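Asks: got a predicted structure here, sequence first:
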Amino acid sequence: MTAFQKMKDGLEFLKHAGTQEVFQVMNNFPQYPFFFLIEVLWSCHGVKKSISTKKSENDSMLNRILQLILCFLVSLVMTFAGRELSAQVFHKTSPISSKPILIPIFCGVYALMFLTPYDIFFKISSLLYYFTALFQGINEMRIFLRIIEWSKKKDFIYTNTSFGLYFGILIVEFKYIVELCMRKFYHGKRTSITTFWQITKNALIVFTYYIAINYGEISKENRNLKIPEILMGLAMGILNASAILSD
């Protein structure tokens, strides 16, 4: 079954679904192509936005080329590094090696975001960025739950589930930390998405879910309905969208 067929079946399934079924679709939806494109758009748009507020008419051609190269590298790391690192730590197949087409797709989105005349693609992407933010929150929920699941495997070297919590938070926040640390090198400006406070709030949502599900008094019915997981994904998406609104 192709990824596109899985997406079609998942959307059809949602028409008659409850919360448990909704979570199954959210969590089991194929990463490629939908959520991968969401992640690429989220990373490239965020980097582009940080340089779009800077007037650069007086910059030399060399400086502009260097800026584009640095933005490309930062966007590339933001998109791929977290999943590649997770694959290495948990002995999973590298996403890039399993689907080499991911690199050309990334390059295509980057070129559209940074090189189209009058920033046409960036402006179109900005109109849809609130929806991208919501789906990216769900994507981050999926990443965190995968890491928690992998960390509980008997063949994993760190059997303590707290490793899954801390490593999961690191991977969820990884792209934001990269952009925050590297921004000054490509002369980008601060955006509300990659502030220290925004990163902290995102981590608190994940941490709250982990504490609630492991130590809280959540009823068995709510656990089975996967309500905490759905709320975490929605909270992360809404947090992303609210940050965009504050810009």
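Replies: It's in. Treat the numbers as computed from the prediction; the structure is a model and nothing was measured.
Asks: low-confidence stretches in the chain?
Replies: For the chain, the stretches with pLDDT under 70 are 1-19, 53-58, 154-161, 216-225, 246-247.
Asks: contacting residues for residue 79?
Replies: 39-40, 43-44, 106, 175 (C-beta atoms under 8 Å, 6 or more residues apart in numbering). In short, each C-beta sits where N, CA and C put it, glycine included.
Asks: any idea which helix or strand comes after whichever helix in the chain runs longest?
Replies: Counting by DSSP state H, the longest helix found in the chain is helix 61-89. Counting by DSSP states H and E, the element after helix 61-89 in chain order, helix or strand, is helix 95-98.
Asks: quick one: contacts of that following helix?
Replies: Helix 95-98 has contacts (C-beta under 8 Å, 6+ apart) with 31, 80, 83-84, 87, 102-103.
Asks: with distance to residue 165 as extra columns, can I get these in JSON lines?
Replies: Shown next, in JSON lines, are the contacts of helix 95-98 (distance: C-beta to C-beta, whole Å):
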{"residue": "31", "distance to residue 165": "22"}
{"residue": "80", "distance to residue 165": "23"}
{"residue": "83", "distance to residue 165": "18"}
{"residue": "84", "distance to residue 165": "21"}
{"residue": "87", "distance to residue 165": "19"}
{"residue": "102", "distance to residue 165": "28"}
{"residue": "103", "distance to residue 165": "31"}
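Asks: okay, buried residues for stretch 61-73 please.
Replies: Neighbour counts over stretch 61-73 (16 or more other C-beta atoms under 10 Å) mark 67-68, 70-72 as buried.
Asks: now do the helix or strand encompassing residue 132: distance to the chain's middle.
Replies: Assigned by DSSP H and E, residue 132 belongs to helix 129-151. On the basis of C-alpha atoms, centre = their mean, to the nearest Å, helix 129-151 sits 6 Å off its chain's mean C-alpha point.
Asks: follow-up on the earlier one: nearest to residue 153, of the contacts of helix 95-98?
Replies: residue 87 (13.9 Å; C-beta to C-beta).
Asks: surely residue 119 and residue 52 touch.
Replies: Yes. Between residue 119 and residue 52 there is a contact under C-beta atoms under 8 Å: 7.0 Å.
Asks: show me what contacts residue 40?
Replies: 79, 105-106, 109-110.
Asks: tell me the spacing between it and residue 199.
Replies: Distance, residue 40 to residue 199, by C-beta to C-beta, to the nearest Å: 20 Å.
Asks: in which helix or strand would I find the residue lying closest to residue 109 once chain neighbours are set aside?
Replies: Among residues not flanking residue 109 along the chain, residue 40 sits closest, at 4.7 Å (C-beta to C-beta, 6 or more residues apart in numbering). Per DSSP H and E: residue 40 is located in helix 36-52.
Asks: now do the buried residues in that helix.
Replies: Neighbour counts over helix 36-52 (16+ other C-beta under 10 Å) mark 36, 38-52 as buried.
Asks: how about stretch 24-39?
Replies: Here stretch 24-39 shows 25-27, 29-31, 33-36, 38-39 as buried, counting by 16+ other C-beta under 10 Å.
Asks: want to throw those into CSV with distance to residue 139?
Replies: Output for the buried residues of stretch 24-39, formatted as CSV (distance: C-beta to C-beta, whole Å):
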residue, distance to residue 139
25, 13
26, 9
27, 11
29, 9
30, 12
31, 8
33, 13
34, 9
35, 5
36, 9
38, 6
39, 6
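Asks: tell me which of those is nearest to residue 149?
Replies: So of the buried residues of stretch 24-39, ranked by how close each gets to residue 149 (C-beta to C-beta), first place is residue 27, at 9.8 Å.
Asks: quick one: the helix or strand that contains residue 243 to helix 129-151, angle?
Replies: For residue 243, the host element (DSSP H and E) is helix 227-245. Angle, helix 227-245 to helix 129-151, by axes from the mean of the first three to the mean of the last three C-alpha atoms, to 10 degrees: 140 degrees.
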